[in-house]
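In: all I have is the shape, not the residue letters:
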Ligand SMILES: Nc1ncnc2c1ncn2[C@@H]1O[C@H](COP(=O)(O)OP(=O)(O)OP(=O)(O)O)[C@@H](O)[C@H]1O
Ligand SMILES: Cc1ncsc1CCO
Ligand SMILES: [Mg+2]
C-alpha cells in the first residue's frame, strides 16, 4: 500500500460523506449509465446542457464533466460557457475527448475546450490522447487503435504543455501531471465490451475531483476505484449485459478499506513510464 492508495480510500469516504454534485454535459449514449454510476458511488449527478441553464447549474456543482461524444454546435457553446463559469469559480473541469482524432469537429472541439474552458483533467483512451498532440491520428471511432504505451510516452510532456493532468485508460491506466506519473492496474477485459465505461471513468473522476483539489491524486483515486470495481464485476459476471449491472453494484458495495488494501497504483520514477510489455523511456 502507498500514499496514493491511502488517498484513494480517503477520497472515497469523502464522496460518501459529502455526496458532491457532479454537473455533466455528456453524450446521449451514456447519460443514463453514468448518472447511475455516480449515484452508486455516492455522488449526486445532474445532466444539463441547455445553453441558458449551464452557468447557473455549474455555479453550485462540485465538478463539471464535459464529454464530446455526441456533439452539436449548441452543446459546444454550452460546454465553453459552463467551463468559463467553472474556471472563474475554481471548480474542477474534466474533459472526455470522445472520438477526438476521428473527425475534424471532434479534434478541434477538444482542443478548443482545453484552451477555453479551464480544463484541469483530461481522461481518454490512447488514440484520443495522442490526437490532442498529433493532427491526423488514426482513430476511426470512439475505440482506441493505439496502445496505452504509445500515448504514455508523450502524455507527460503534453500535460506540462497544457497545464493539466492527463489520464490514459486501457488494459492498464496511466496518470500524469508532467511531474508525477502513476500506473493503475485492475479492471477487466469486459469493460471494453460495454459502451461508455470510459465515459463512466471520466464521470467518476469528476466525483473524486470534487472532493480532492489535486487533479493528479483525484484521477489516480478514481481509476483505482473504478479498476477494482471492474475486477469485482468480472468475478460476478461473464458476459457484457450482466457485467454492466455487476459493475454498478460493485461501485456501490466497494468500501474505502477494501480500496485501500486491494487497489493497484504504482508510482513511476520520473524518467520512466510503463508499457504493457515493460518500461519505456520517455
Ligand atoms: N482490457 C482491459 N482490461 C482491463 N481494464 C480495461 C481493459 N480495457 C479497458 N479497461 C478499463 O475500462 C475503462 C474504460 O477504458 P477505455 O480505455 O476502454 O475507455 P474508452 O475507450 O474511452 O471507452 P468508451 O468510449 O466506451 O467510454 C477504464 O477504467 C480501463 O481501465
Ligand atoms: C458509442 C459512442 N458514440 C458516440 S459517444 C459513444 C459512447 C462511448 O464513447
Ligand atoms: Mg471514450
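Out: Arrived safely. Given the structure is predicted, the values throughout are model-derived calculations rather than measurements. Ligands and ions are numbered 1, 2, ... in the order given.

In: now name the helix or strand holding residue 166.
Out: strand 165-169 (DSSP states H and E).

In: so that strand, near ligand 1 or not?
Out: Yes - applying C-beta under 6 Å from any ligand atom, one finds strand 165-169 touching ligand 1 at residue 169. In short, each C-beta sits where N, CA and C put it, glycine included.

In: same deal with stretch 124-136?
Out: Yes - counting by C-beta under 6 Å from any ligand atom, ligand 1 is contacted by stretch 124-136 at residue 125.

In: contacts for that stretch?
Out: With C-beta atoms under 8 Å, 6 or more residues apart in numbering as the test, stretch 124-136 has contacts from 96-101, 107, 110-111, 114, 122, 137-139, 143-148, 150-151, 154-155, 158, 162, 166-170, 198.

In: repeat that for 6 Å
Out: Defining contact as C-beta atoms under 6 Å, 6 or more residues apart in numbering, one finds that stretch 124-136 is touched by 97, 100-101, 107, 137, 139, 144-148, 150-151, 154-155, 158, 168-170, 198.

In: quick one: that stretch to chain centroid distance?
Out: 15 Å (C-alpha atoms, centre = their mean, to the nearest Å).

In: give me the buried positions along that stretch.
Out: 124-132 (16 or more other C-beta atoms under 10 Å).

In: okay, those in a markdown table with pLDDT next?
Out: Output for these, formatted as a markdown table (pLDDT from 0 to 100):
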| residue | pLDDT |
| --- | --- |
| 124 | 98 |
| 125 | 96 |
| 126 | 96 |
| 127 | 95 |
| 128 | 96 |
| 129 | 96 |
| 130 | 95 |
| 131 | 95 |
| 132 | 95 |
